[in-house]
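Asker: using only what follows, build the 3D model:
(chains A and B)
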Amino acid sequence: MKLSYIWITAIIMGLSFSVNAQDELSPERKQAVDSLAIEKVRDLSKYISIIGSKETPWSEANRVIDRAEELFMEGSEIGVSSITKTEISYYNIRKYFERLMRLNYKKVEIEWYNIEYMSDLQKQPDGTYVGVITIFQKFKGYDAEGRLVYQDTTKKDITVYVKRKETQIGGRLIGFWDVLLGDMRVKETSK
Amino acid sequence: MKLLIKNAAKITLFLLAAIIISGGATSCKSKKKLAREKAAAEYELKVDQSKKDLTAMLNGTTTWTLDEQDTRLNAIKSYNIDDPEVVDLIAKVESKLSMDRAEEVRQAEEERLRLEEEERIKAAASKYQGVDNQLGAIAQAYNVDAANKQIDITLKEFATPDVPVLIIISKAGGYNDYDRPTTISKFLNYLKDKQLYNYKVEMVKRDGLGKITELELIKK
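Answerer: Alright, predicted model coming up:
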């Protein structure tokens, strides 16, 4: 009887170790998760340039807005600054993209560069990994004559949340890393 | 006088015989001694050589193969040397050779699995090359319209636009780490937006009609 209790305890301990082992990240797996989060920010960068581009058909821009919105946690905000104003305005995600799509320029170029971690992903008590990624955004707006009428460079910090989740697919239990972006805060704006 | 001469001859003959006999016996004794000394020297030589060979095998400084080392060890054991140092060395070499043999088996198994995995990857690569090419064509389309046409063609290969797409981001430590699962429709549009296909098809599930019902990719 005692022996069977020992076996049951050992099996339970083994199973819980296996589950924990999947949540505990080795440096190699952590690197893959770090890269995944950076990749999501690069995806956002691409989406912003597609949405902002005046050459993008309206239906395509709306489809991309839906995809871009999926990258964010609900309730997140994006900061918008200008070299002509001192205050920074914060918009909810959908509103920010719709506003970006309707900017009053004939042509818009948005480029993100120097995308890197400002603070590495750190595990929180609830198991979520949280980090901050910094990006530099170069914005250029042109008028109908093709003249550059506005440009600025903004440094922005994006909070990144990564959590391990599970889902059933084709009868299999799949453990995946859900990367969601949080608020995008303006840190500096220059010409 | 005659008798004396006759006896003297007999005595001389007797003495001569005695000398010859005693001389022969001495010579026989000396030969045995020599043989013993020779055997002792040969034994010493065997002990020395055995110590040298066993030490070399123990330190791994010999160029012999494991089979050759086994043969040499068995030869040394057959000498039945009772020198304590040799006995100790034999035990140590036996243990080392047994470990080396296990390591050789492990390495051979590792190599076999590596080759098997290589073959599997090669077979899978050619098996799914068509799907990879179709996905790559969307990313490389020269404009949105061309990409959309390619998406329509590709979607016909799938059972529904909602077929799940799993993306492996890491296979480290024996775990498959995935990105958030998506659908084929969303993924094909993602390739169009990103204009980059940096994945490889890892697994494809098909239904009875040959349509894809699940797609698993690995990030390159």
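Asker: give me the local confidence score for B:Leu15.
Answerer: As predicted, B:Leu15 sits at a pLDDT of 79.
Asker: kindly report the same for B:Thr26.
Answerer: At B:Thr26, the model reports a pLDDT of 62.
Asker: again, but for the one 5 residues further on
Answerer: Looking at B:Lys31, its pLDDT stands at 86.
Asker: next helix or strand past the helix or strand hosting it?
Answerer: Counting by DSSP states H and E, the element that carries B:Lys31 is helix B:2-59. Sequence order places helix B:66-78 as the next helix or strand after helix B:2-59, per DSSP H and E.
Asker: list the helices and strands that next one packs on?
Answerer: helix B:2-59, helix B:84-127 (3 or more Cβ pairs under 8 Å, 6 or more residues apart in numbering or on different chains; DSSP states H and E). All C-beta spots, glycine's among them, are computed from the backbone N, C-alpha and C.
Asker: helix B:2-59 and that one, what's the angle between them?
Answerer: Here helix B:66-78 points in a direction 140 degrees away from that of helix B:2-59 (axes from the mean of the first three to the mean of the last three Cα atoms, to 10 degrees).
Asker: so which residues make contact with helix B:66-78?
Answerer: With contacts defined as Cβ atoms under 8 Å, 6 or more residues apart in numbering or on different chains, helix B:66-78 is touched by B:50, B:53-54, B:57, B:62, B:64, B:86, B:90, B:93-94, B:97, B:100-101, B:104.
Asker: starting at the chain centroid, how far to the strand or helix carrying B:Leu135?
Answerer: B:Leu135 is part of helix B:129-139 when elements are defined by DSSP H and E. With Cα atoms, centre = their mean, to the nearest Å as the basis, helix B:129-139 stands 40 Å off its chain's centre.
Asker: give the rounded mean pLDDT of that helix.
Answerer: For helix B:129-139, the mean confidence score works out to 96.
Asker: is that helix up against chain A anywhere?
Answerer: No. For helix B:129-139, no contact with chain A is found by Cβ under 8 Å from any Cβ of the partner chain; the gap never falls below 12.0 Å.
Asker: dump that helix to CSV, restricted to CA.
Answerer: This file holds the C-alpha atoms of helix B:129-139, laid out as CSV (Å, rounded to 0.1, in the frame of the first residue of the first chain):
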residue,chain,number,x,y,z
GLN,B,129,9.0,21.3,-51.6
GLY,B,130,5.9,22.1,-53.6
VAL,B,131,4.1,23.6,-50.6
ASP,B,132,7.2,25.6,-49.7
ASN,B,133,7.4,26.9,-53.3
GLN,B,134,3.8,28.0,-53.3
LEU,B,135,4.2,29.9,-50.0
GLY,B,136,7.5,31.5,-51.2
ALA,B,137,5.8,32.6,-54.4
ILE,B,138,3.3,34.7,-52.4
ALA,B,139,6.0,36.5,-50.5
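Asker: tell me the gap between the helix or strand just after that helix and the middle of its chain.
Answerer: From helix B:129-139 onward toward the C-terminus, using DSSP H and E, the following helix or strand is helix B:144-155. Computed by Cα atoms, centre = their mean, the separation of helix B:144-155 from the middle of its chain amounts to 51 Å.
Asker: tell me what the next helix or strand after helix B:144-155 is packed against?
Answerer: As assigned by DSSP H and E, the chain's next helix or strand after helix B:144-155 is strand B:164-170. Secondary-structure packing of strand B:164-170 (3+ Cβ pairs under 8 Å, 6+ apart): helix A:27-52, strand A:172-190, strand B:177-179, strand B:182-183, helix B:184-194, strand B:212-219.
Asker: now do the buried residues in the first one.
Answerer: So that's helix A:27-52. Buried residues in helix A:27-52, counted by 16 or more other Cβ atoms under 10 Å in any protein chain shown: A:29-30, A:32-34, A:36-52.
Asker: now do the second one
Answerer: Using 16+ other Cβ under 10 Å as the test for burial, strand A:172-190 gives A:174, A:176-186, A:189.
Asker: now the angle from it to strand B:212-219?
Answerer: Using the same axes, to 10 degrees: strand A:172-190 against strand B:212-219 is 50 degrees.
Asker: A:Glu87 is in what secondary structure piece?
Answerer: Assigned by DSSP H and E, A:Glu87 belongs to strand A:85-92.
Asker: go through that strand and flag the buried ones.
Answerer: Residues of strand A:85-92 classed as buried: A:Tyr91 (neighbour count, 16+ other Cβ under 10 Å).
Asker: same for the next helix or strand after it, what does it pack against?
Answerer: Sequence-wise, the next helix or strand downstream of strand A:85-92 (DSSP H and E) is helix A:93-101. Using 3+ Cβ pairs under 8 Å, 6+ apart, the elements in contact with helix A:93-101 are helix A:27-52, helix A:58-70, strand A:77-82.
Asker: restrict helix A:93-101 to CA atoms and write it as PDB.
Answerer: The C-alpha atoms that make up helix A:93-101 are tabulated as PDB, following Å, rounded to 0.1, in the frame of the first residue of the first chain:
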ATOM      1  CA  ILE A  93      -5.000  51.100 -31.200                       C
ATOM      2  CA  ARG A  94      -7.900  51.100 -33.700                       C
ATOM      3  CA  LYS A  95      -8.200  54.900 -33.600                       C
ATOM      4  CA  TYR A  96      -4.400  55.300 -34.100                       C
ATOM      5  CA  PHE A  97      -4.400  53.100 -37.200                       C
ATOM      6  CA  GLU A  98      -7.600  54.800 -38.700                       C
ATOM      7  CA  ARG A  99      -6.000  58.200 -38.100                       C
ATOM      8  CA  LEU A 100      -2.700  57.000 -39.700                       C
ATOM      9  CA  MET A 101      -4.700  55.800 -42.800                       C
END
